[in-house]
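> return a 3D structure for these sequence lines:
(4 chains)
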Protein chains: 2
Amino acid sequence: MRKITIKDVARNAGVSIAAVSYVLNGKENKVSQDTIVRIHESIKELNYIPSITARGLVKNTSELIGVIIPQTEDHKQLVFENPFYSEMISAIEAVVREDGYHIILAGVDKGKTYLDISTSRNLDGAIIMGIYSEQLYEECKQANIPIVLIDSYVHDNEFTNVGIDDELGGYMATKHLIDNGHRNIGLVTGMIRKDGVVEKRFLGYKRALQEAGLFYNPDYVFENSVSYVHGRSSGALIAEKYPEITGVFATADMVAFGLIRGIKEAGKEVPEDISVIGFDDISMAHMFLPPLTTVKQQIFLKGETAAKLLIDQIRKKRGAKAHGKRTHIPLEIVERETVRNLRGD
Amino acid sequence: MRKITIKDVARNAGVSIAAVSYVLNGKENKVSQDTIVRIHESIKELNYIPSITARGLVKNTSELIGVIIPQTEDHKQLVFENPFYSEMISAIEAVVREDGYHIILAGVDKGKTYLDISTSRNLDGAIIMGIYSEQLYEECKQANIPIVLIDSYVHDNEFTNVGIDDELGGYMATKHLIDNGHRNIGLVTGMIRKDGVVEKRFLGYKRALQEAGLFYNPDYVFENSVSYVHGRSSGALIAEKYPEITGVFATADMVAFGLIRGIKEAGKEVPEDISVIGFDDISMAHMFLPPLTTVKQQIFLKGETAAKLLIDQIRKKRGAKAHGKRTHIPLEIVERETVRNLRGD
DNA sequence: CCTTTTGGGTTAAACGTTTAATTAAACTAT
DNA sequence: ATAGTTTAATTAAACGTTTAACCCAAAAGG
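Reported below is the predicted structural model:
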């Protein structure tokens, strides 16, 4: 059966197309009460659903929001190993749905660039999670739609940022270990890239050490990828070769899980022999055994905040562009069972 | 700066709009070699990117694929607690991207129904995960686009199904326990609904019991939600009140995690006192401590398969509609450390 | 009673494409 | 040289909306 269009409704109600469009758009001062109800009846009767596509063409909108998330190395899959992203997406979807937007999920490929997606799809806005090449940010500017960056430290007035104070987070984690009497503290982490979130956490780690008058030992930082496997091998390594290390800060919960596994495989116990503190508080953290002590970032709130800021910006399009604003979601230590208090002994 | 359209390209290349469109669509027999290159040059020069929206209007396509996933009870969030879905989505996105499609992610709300989304967005196809109300399936038929259902047992020739043999899975899990010498076997599971996946697994559980000449004891099935918390409370309950139970089949890994926690909290050990087998093999299963023995379903393959089938159907639109086909992804037990062999003793 | 305003409606252009129909020129074959 | 065919281009309608511009009748103001 043919698709019903505004034309059918108009005919059915015995009015012009324009009249229908006016009531669809709530411009009710243009139409008499009588016809309004007549039109509504026809809409119901015919089960008419307007085409967002057609509307988009003339209004130059799409009611679509792009969500760009990191991909695996081979550019094949979206990086969902870390549930972190899913939780955030869930939050984003929830808020944009309220305003009739949908999210389109995409990785950015070699061939199709971000700009391609944005302009060909006529995105109304985009949320970009993670860190990418300079080129991508350039493209974003050209795309000329509201964009909010999550967990990125590019400082450009074009973009709104939401994230956490990673330096503080690193500091808090390390300090928590120190406060519990640890003095030789390892750091296991992904690649420390200039202006990346892990660099900030690393900086926080160093600050806490310094503040406590502890010596920063580069040998104690195990830098590779933010992954379970890196955690696991580092755990084994630490347990076997660094008996003096009593506490380790893993810059992501996933890493912490691997770390604990590695430590146990090497015959030591957590937290009896080695304490571990993670970062993120993904939902798995409290389910893990032993339940993971970690720096909690409110993932859901983060996604929600990003989405709200984006919607705001889309709304007042040419209004006050929220220039280079950066919102920080608060952090908090959640103590569970992987950090031992050396002081109490 | 204004958006560049096909018109600009045409002007720049000194040809008609139609000519440009023809080369864009590879109908190169309609255009001379000379002009083809001239047009390509203009495209490059102006950085022209075609509007999918506009094209969609005339071709009646959107190059958009809807992915419907379950929501939390309150209909607020997408159900991402279970990483299961994220993994599948990642797979789906990967394959549809190859063909230039994007996925739009949505929960189905009270207000906006599935049909609304589908027709207003002019979806080219949809993948629906999980089980919904009759009404939704009715709407789907009316929408009249290719649809593939993942993990659903609605039998209707309109839909292509991909899933696993849940009955067999339940059987395999239970049999594995039996083969390891267990005789009193608990089942902890979500609500057993007619024609739902958990019902099938439950049926498999009973079949394995029966086949082994074991008595089916309704008291041994702990039916509630597929969630960590349900697992946890059931674990405590089993450990405390059912000393005769030595093995438990949890119908989802998430549940198994909770189960193990509950058992340990009640002072018993896994697998020494009670063995546990899960279902799914989400990536967390091998990271868990102890690593979880489970029935592995190839989640990624499942998503991939669904996506491929959908694309196929979209392609040969009016061609052979893959009528009511059901594809089963193979299952396999992966033995890790939560099932104890009682026989060897 | 004439002019202006207002309410309620319609017409038609525009959004950026695709594609059927048409035309014009250049070849082919006789 | 003529008719027929092929090639390469253009024109214009169509897709489903929105919205500025226009129109007319009735009400309001003077």
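
> report the contact partners of the residue nearest to residue A:130 when sequence neighbours are not counted.
Among residues not flanking residue A:130 along the chain, residue A:70 sits closest, at 4.3 Å (CB to CB, 6 or more residues apart in numbering or on different chains). Backbone N, C-alpha and C define where each C-beta goes, glycine included. Residues near residue A:70 by CB atoms under 8 Å, 6 or more residues apart in numbering or on different chains: A:78-79, A:85, A:107, A:129-130.

> the helix or strand hosting residue A:141: what's the following helix or strand?
In this assignment (DSSP states H and E), residue A:141 forms part of helix A:134-143. Downstream of helix A:134-143, the next assigned helix or strand under DSSP H and E is strand A:147-150.

> pLDDT of that following strand, averaged?
In this model, strand A:147-150 has a mean pLDDT of 95.

> check which helices and strands the helix or strand immediately after it in the chain sits against.
Proceeding N to C from strand A:147-150, the next assigned helix or strand is strand A:160-163, under DSSP H and E. Applying 3 or more CB pairs under 8 Å, 6 or more residues apart in numbering or on different chains; DSSP states H and E, we find strand A:160-163 packed against strand A:147-150, helix A:299-315, strand A:326-328.

> note down every partner strand of the first one and its orientation.
Strand pairing for strand A:147-150, using DSSP bridges, gives strand A:125-129 (parallel), strand A:160-163 (parallel).

> most tightly packed of those?
Neighbour counts (mean count of other CB atoms under 10 Å in any protein chain shown) averaged over each of the strands paired with strand A:147-150 peak at strand A:125-129, with a mean of 25.

> and that one, how far out from the chain middle?
Using CA atoms, centre = their mean, to the nearest Å, the mean C-alpha position of strand A:125-129 is found 9 Å from that of the whole chain.

> which residues sit against it?
Here strand A:125-129 makes contact (CB under 8 Å, 6+ apart) with A:65-70, A:85, A:88, A:92, A:114, A:118, A:136, A:140, A:143, A:145-152, A:306-307, A:310-311, A:313-314.

> separate out the buried members of those residues.
The neighbour count (16 or more other CB atoms under 10 Å in any protein chain shown) marks A:65-70, A:85, A:88, A:92, A:114, A:118, A:136, A:140, A:143, A:145-152, A:306-307, A:310-311, A:313-314 as buried among the contacts of strand A:125-129.

> hmm, residue A:233 and residue A:265 touching each other?
No - with contact defined as CB atoms under 8 Å, residue A:265 does not count as touching residue A:233 (10.0 Å).

> OK, contacts around residue A:217?
residue A:184.

> roughly how far does it sit from chain B?
In this view, residue A:217 and chain B are 29 Å apart by CB to the nearest CB, to the nearest Å.

> equivalent analysis for residue A:35, please.
On the measure of CB to the nearest CB, residue A:35 and chain B end up 24 Å apart.

> give me the secondary structure label for that residue.
Classification of residue A:35 by DSSP: H, G, I helix; E, B strand; the rest coil places it in helix.

> what is the burial count for it?
18 (other CB atoms under 10 Å in any protein chain shown).

> pLDDT score assigned to it?
Model confidence at residue A:35, expressed as pLDDT, equals 94.

> over to residue A:82?
The score at residue A:82 is 74. That number is its pLDDT.

> enumerate the residues of the stretch 51-200 of chain A near DNA strand C.
By CB under 7 Å from any atom of the strand, the residues of the stretch 51-200 of chain A that approach DNA strand C are A:54, A:57-58, A:60.

> from those, which are also near DNA strand D?
Restricting these to those touching DNA strand D (CB under 7 Å from any atom of the strand) yields A:54, A:57-58.

> show me the residues you listed that map onto strands.
Assigned to strands by DSSP state E, none of those qualify.

> just the buried ones from these?
A:54, A:57.

> now the ones next to DNA strand D among the residues of the stretch 51-200 of chain A next to DNA strand C as a markdown table including pLDDT?
Below are those laid out as a markdown table (pLDDT from 0 to 100):
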| residue | pLDDT |
| --- | --- |
| A:54 | 97 |
| A:57 | 96 |
| A:58 | 96 |
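
> now do the same contact list for residue A:254.
By CB under 8 Å, 6+ apart, the residues touching residue A:254 are A:81-82, A:226-228, A:231, A:282, B:287.

> now, those residues that are in helices?
Of these, the ones assigned to helices by DSSP state H are A:228, A:231, B:287.

> list just the nearest of these to DNA strand C.
residue A:228 (44.8 Å; CB to the nearest atom of the strand).

> can you count the residues close to that closest one?
For residue A:228, the count of nearby residues is 24 (other CB under 10 Å).

> residue A:258 is in contact with that one, correct?
Yes - contact criterion CB under 8 Å: residue A:228 and residue A:258 qualify, at 4.0 Å.

> now for the two: what residues contact both?
residue B:287.

> pLDDT of stretch A:221-233, averaged?
Stretch A:221-233 carries an average pLDDT of 96.

> only alpha carbons, please: show it as CSV.
Written as CSV, here are the backbone C-alpha positions of stretch A:221-233 (Å, rounded to 0.1, in the frame of the first residue of the first chain):
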residue,chain,number,x,y,z
VAL,A,221,54.9,2.9,35.7
PHE,A,222,53.8,0.2,33.3
GLU,A,223,52.6,1.9,30.2
ASN,A,224,50.9,0.1,27.4
SER,A,225,47.3,-0.2,26.4
VAL,A,226,44.1,0.3,28.4
SER,A,227,43.2,-3.4,28.3
TYR,A,228,42.7,-6.4,30.4
VAL,A,229,45.7,-8.2,29.0
HIS,A,230,48.1,-5.4,29.8
GLY,A,231,46.8,-5.4,33.3
ARG,A,232,47.2,-9.1,33.6
SER,A,233,50.8,-9.2,32.4
